[in-house]
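*Asks:* Next input, structure requested:
(chains A and B)
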Amino acid sequence: MSGSMIGSWVLALGYFVVVLFVGFWASKKIKSFESYIVAGRDLGFWAFTILVITSCMSGMTLLGSSGLGFIGGWPTIWEQMFVPLSCAVTVFLFGTKLHRVAGKMRYFTLQDYLAHRFESPRLLRGITGLAVFVTSLIYLVGQYTAVGITLERVLGLSYPTAVMLGALVVTIYVFAGGMYAVGWTNLVQGGIIILGVLFVAPFIIMKAGGLTHVNETLASIDPNYIKAAFPQVNPPYKPYAFMTPVYIVSFFFLLTFGLAAAPHNINNVLAARKNSYFKWAPLAAFGIYLCVFYLIKVVGFTARAMAVDGTLTLPQGVANPQDFSFILAVQSSFSPLVWTLFGVIVLAAVMSTTDRLLLTIGTSFSWDVYRNIINPKASDKAVTYLSKAVVFIVAIISIVLALNPPKLLAFLIWMGIGVMLSVFVTPILAGLYWKRATRAGVVAATLTGFFSAISLACIDRFVMKMPFHFSFLSFFLSIVTVIVVSLLTARTSEKVLRETETGLWF
Amino acid sequence: METTILGLPFLTVAIVTGVPLFIVALLVWWGISYRNPEEREIAGGEGRES
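*Replies:* Just a heads-up that it's a prediction; the model follows:
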């Protein structure tokens, strides 16, 4: 084993030891189901804010975003604004009222709120629970695939060993420490991602000849690469030129609202200690994420310029070679020992999302399905044990799937985000801010959103390419459905509307 | 010839910096204007609105 490989192992093992230590330390605070699932509603301002960022910033985001910059240039920069904005939207638009009502009514999950607000303890809970399971599992497989790709290169491990090593560490601390462990390890992981990207990105850009050189090189490939959007033509004049003005509008809804309502993101608001955090957490989350995410994208542009200059070559014979752009840019700009740091950054990004996904699926099954639908008399202790068992089982299922990633994984991930936009946003917004929204309206909207999103995704992929992201249409259909069906059906009781503080205010 | 900053057209620079700054301004406004339940109680029950 070479000296640099030993250094890689020391750094990676050091990182594993730190997160496991933090996870076990946090597990000592687990005294009840409430502490396991929502960290006793006791996360401080920074633990909460960083959790909101890191749940959203995944390894897939990090590799995929720079990869999108590599193939699409500056027109893809909108992603860098919309994703951080989704963190702010989670907190101020959805979270502010949800946190206040959840504390009062003792909700553990978003489904608790929806079941109460729409007087649907089983049906709506069951439908949204199923959507949580499907979308979170797709996401999990994507994450483990990213960790496999990274550890394979950084630690010289085989792909299966890399996937299992990354998954094992996360599963252990989520199993032991639940939401407390997720919250505190995310603080450490968030620090690593933020400082790591702020450290490596400027060096890569300088080493490649500076931003002006990068932009001039991009413009020499395609003059539209340095514009804010590609021309509005359908079909696009090149496969990469899909980020047109109309597509950008649909992208805004998809990322800003779809990710904000993703179960593994929105449930974080239930763990904050004080409602006063909701004043400045949106700004802090947006500002920090924006800086880091802009740099990640610019590294993608830089990698493209390096490829033109001949200092970087993408791998051949892999599914999405552009997703290697960040890894390769770091590799060609730093000494082997320093470039190992990047492996730890990706690991931190992957783990900070997978831990939240695992816990979300565990809670969804044990609390929403088992306790509230199958066995309402189950004790808190039994539900906590079941939650841990589900975390373990789901980890194994997702590892098996990641070892043989579906050929259409990227398509499934984008479909998953589209489903989240079409299924969760309408019930949450209608529930929080529109008194007239009814159970029938929301059940109809949820089903419409779910099935139309999947159908439209398949049409877009296999039949006819749409000029916008398919979820734009399914989201619109779910909004129309909730309005029409709600106005035709009986109102929700005044008591419930009062308890849930429903109305057009924050 | 078109004016460029760091090799980018002026309009691109204006968009990629202006949109985030606009969002920051909105979030600052939110931080200043949102009153949590404790602050509302201190203010003497002036209604639920932020």
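*Asks:* Where does pLDDT dip in the chain?
*Replies:* Picking chain A for this. A:1, A:3 (pLDDT under 70).
*Asks:* That was the other one, I meant chain B.
*Replies:* For chain B, the ranges with pLDDT under 70 are B:1, B:44-50.
*Asks:* just the strands in the chain please.
*Replies:* As the question left the chain open, I've gone with chain A. In chain A, no strands are defined using DSSP state E.
*Asks:* you looked at the wrong chain, it should be chain B
*Replies:* Taking DSSP E to define them, one finds strands in chain B at B:4-5, B:8-9.
*Asks:* Which one, of those strands, ends up nearest to A:Thr150?
*Replies:* A:Thr150 sits nearest to strand B:8-9 of all the strands of chain B, at 30.8 Å, using C-beta to C-beta. To be clear about C-beta, it is placed using only N, CA and C from the backbone, and glycine gets the same treatment.
*Asks:* how far does that closest one sit from the chain's center?
*Replies:* 25 Å (C-alpha atoms, centre = their mean, to the nearest Å).
*Asks:* Residues contacting it, please?
*Replies:* The contact list for strand B:8-9 (C-beta atoms under 8 Å, 6 or more residues apart in numbering or on different chains) reads A:74, A:215, A:226-227, B:2-3, B:16.
*Asks:* quick one: strands adjacent to that strand?
*Replies:* Applying DSSP bridges, strand B:8-9 is found paired with strand B:4-5 (antiparallel).
*Asks:* quick one on the thing from earlier: neighbour-wise, which of the contacts of strand B:8-9 leads?
*Replies:* Most neighbours among these, by other C-beta atoms under 10 Å in any protein chain shown: A:Trp74, with 27 neighbours.
*Asks:* Please name the residues that touch that residue.
*Replies:* So A:Trp74 contacts A:215, A:218, A:225-228, A:301, B:8, B:12, B:16 (C-beta under 8 Å, 6+ apart).
*Asks:* and which of these is nearest to A:Thr96?
*Replies:* Nearest member of these to A:Thr96, counting by C-beta to C-beta, is B:Val16, at 29.0 Å.
*Asks:* what's the neighbour count on the closest residue to that closest one other than its chain neighbours?
*Replies:* Spatial nearest neighbour of B:Val16, excluding adjacent residues (C-beta to C-beta, 6 or more residues apart in numbering or on different chains): A:Ile77 at 5.4 Å. Neighbourhood size, A:Ile77 [other C-beta under 10 Å]: 24.
*Asks:* re the thing from before, let's have the contacts of A:Trp74 in CSV, adding distance to A:Gly95.
*Replies:* Formatted as CSV, the contacts of A:Trp74 follow (distance: C-beta to C-beta, whole Å):
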residue, distance to A:Gly95
A:Asn215, 38
A:Leu218, 38
A:Tyr225, 37
A:Ile226, 37
A:Lys227, 35
A:Ala228, 30
A:Phe301, 33
B:Leu8, 35
B:Thr12, 33
B:Val16, 28
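*Asks:* What is the nearest of the residues you listed to A:Ser8?
*Replies:* Set against A:Ser8, the nearest of the contacts of A:Trp74 by C-beta to C-beta is A:Phe301 (27.2 Å).
*Asks:* Check the gap between the closest one and chain B for me.
*Replies:* Applying C-beta to the nearest C-beta, to the nearest Å, the value for A:Phe301 to chain B is 10 Å.
*Asks:* Repeat that for A:Lys207.
*Replies:* Counting by C-beta to the nearest C-beta - A:Lys207 and chain B are separated by 17 Å.
*Asks:* That residue - nearest residue in space that isn't next to it in sequence?
*Replies:* A:Ser333 (4.5 Å).
*Asks:* And A:Phe411, by the same measure?
*Replies:* A:Arg461 (5.7 Å).
*Asks:* What is the neighbour count of residue 41?
*Replies:* Let's take chain A. 19.
*Asks:* let's do chain B instead
*Replies:* Neighbours around B:Glu41, by other C-beta under 10 Å: 10.
*Asks:* Quick check: it vs chain A, distance?
*Replies:* Applying C-beta to the nearest C-beta, the value for B:Glu41 to chain A is 12 Å.
*Asks:* ok, that residue - contacts?
*Replies:* Contacts of B:Glu41 (C-beta under 8 Å, 6+ apart): none.
*Asks:* what's the answer for A:Lys435, then?
*Replies:* Here A:Lys435 is in contact with A:491-492, A:497, A:502-503 (criterion: C-beta under 8 Å, 6+ apart).
*Asks:* cool, A:Arg304 as well?
*Replies:* For A:Arg304, the contacting residues are A:69-71, A:73, A:214, A:217-218, A:221, A:325, by C-beta under 8 Å, 6+ apart.
*Asks:* Quick check on those residues: which are buried?
*Replies:* For those, a burial check counting by 16 or more other C-beta atoms under 10 Å in any protein chain shown picks out A:69-71, A:73, A:214, A:217-218, A:325.
*Asks:* and which of these is nearest A:Ala208?
*Replies:* Distances from A:Ala208 to these, taken by C-beta to C-beta, are shortest for A:Val214, at 6.1 Å.
*Asks:* what's the closest non-adjacent residue to the closest one?
*Replies:* Among residues not flanking A:Val214 along the chain, A:Ala305 sits closest, at 4.4 Å (C-beta to C-beta, 6+ apart).
*Asks:* is it true that the residue nearest to A:Phe411 touches A:Leu412?
*Replies:* No. If you go by C-beta atoms under 8 Å, A:Arg461 and A:Leu412 don't touch, sitting 10.1 Å apart.
*Asks:* okay, those two: which has more neighbours?
*Replies:* A:Leu412 (19 against 14).
*Asks:* show me the contacts for the more buried one.
*Replies:* A:138, A:141-142, A:406.
*Asks:* Buried residues, stretch A:199-215. List them.
*Replies:* For stretch A:199-215, burial by neighbour count (16+ other C-beta under 10 Å) applies to A:200-201, A:204-205, A:208-209, A:211, A:213-215.
*Asks:* Need the distance between the two termini of it.
*Replies:* 21 Å (C-alpha to C-alpha, to the nearest Å).
*Asks:* can you give me how far that stretch is from the chain middle?
*Replies:* How far stretch A:199-215 lies from its chain's middle: 28 Å, per C-alpha atoms, centre = their mean.
*Asks:* still on that earlier bit, so what's the residue nearest to A:Val214 up against?
*Replies:* A:208-209, A:213-214, A:217-218.
*Asks:* Now go through these and say which are in helices.
*Replies:* Taking DSSP state H, the ones among those that sit in helices are A:213-214, A:217-218.
*Asks:* Next, format those residues as CSV and append distance to A:Ser422.
*Replies:* Below are the ones in helices among the contacts of A:Ala305 laid out as CSV (distance: C-beta to C-beta, whole Å):
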residue, distance to A:Ser422
A:His213, 42
A:Val214, 37
A:Thr217, 39
A:Leu218, 34
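*Asks:* Looking at these, which is nearest A:Leu290?
*Replies:* Distances from A:Leu290 to the ones in helices among the contacts of A:Ala305, taken by C-beta to C-beta, are shortest for A:Val214, at 19.6 Å.
*Asks:* can you count the residues close to the nearest residue to A:Ala131 once chain neighbours are set aside?
*Replies:* Ranked by C-beta to C-beta, 6+ apart and with sequence neighbours excluded, the top spatial neighbour of A:Ala131 is A:Val423, at 4.7 Å. By the criterion of other C-beta under 10 Å, A:Val423 has 31 neighbours.
*Asks:* and chain B, which residues reach chain A?
*Replies:* Residues of chain B lying near chain A by C-beta under 8 Å from any C-beta of the partner chain: B:4, B:6-9, B:11-12, B:15-16, B:19-20, B:23-24, B:27-28, B:30-31, B:34, B:36-39, B:48-50.
*Asks:* Now restrict those to buried residues only.
*Replies:* Buried among these (16+ other C-beta under 10 Å): B:4, B:7-9, B:12, B:15-16, B:19-20, B:23, B:27, B:30-31, B:34, B:36.
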